[in-house]
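>>> with the input below, show me the fold.
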Amino acid sequence: MNSLYQFTEIMNEMNKIKTNISALQAIYTNVEARNSADEALIDLFVSQANDLEAAATALKGITFGG
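Coordinates of the predicted model:
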């Protein structure tokens, strides 16, 4: 299974992202309010997350040609 390494790496990175999202939630709840720069970065994050979702979904449509 040649893809196992890639799936492991992706899942490790996803766990890091989840941890950072939790940290941001704590910051915005207990430390400081979001500002316009935060809002822009959140919008960028959402856009990139949507792109990743589309790319991951597209993997289901790939058929082996070799």
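>>> the residue nearest to Arg34 when sequence neighbours are not counted - how many residues pack around it?
Excluding its sequence neighbours, the residue lying closest to Arg34 (Cβ to Cβ, 6 or more residues apart in numbering) is Tyr28, at 5.6 Å. Where you see a C-beta, it was placed from the backbone N, CA and C, and this is true even at glycine. Around Tyr28 there are 13 other residues, counting by other Cβ atoms under 10 Å.
>>> now Met14
Neighbours of Met14 (other Cβ under 10 Å): 11.
>>> mind giving me the packing neighbours of the helix or strand encompassing it?
For Met14, the host element (DSSP states H and E) is helix 4-30. Using 3 or more Cβ pairs under 8 Å, 6 or more residues apart in numbering; DSSP states H and E as the contact test, no helix or strand touches helix 4-30.
>>> and it, how far from the chain's centre?
Put simply, helix 4-30 sits 7 Å off its chain's centre (Cα atoms, centre = their mean, to the nearest Å).
>>> got it, and stretch 54-64?
When C-alpha coordinates are averaged (Cα atoms, centre = their mean), stretch 54-64 and its chain have centres 17 Å apart.
>>> what's the answer for stretch 44-60, then?
Relative to where its chain is centred, stretch 44-60 has its mean C-alpha point 8 Å off (Cα atoms, centre = their mean).
>>> which helix or strand contains the spatially most central residue of the chain?
Nearest to the mean C-alpha position of the chain, counting by Cα atoms, centre = their mean, stands Ala49 at 5.0 Å. Using DSSP H and E, Ala49 maps to helix 36-59.
>>> report the angle between the axes of that helix and helix 4-30?
150 degrees (axes from the mean of the first three to the mean of the last three Cα atoms, to 10 degrees).
>>> chain center to helix 36-59, what's the gap?
So, by Cα atoms, centre = their mean, the centroid of helix 36-59 is 7 Å from its chain's centroid.
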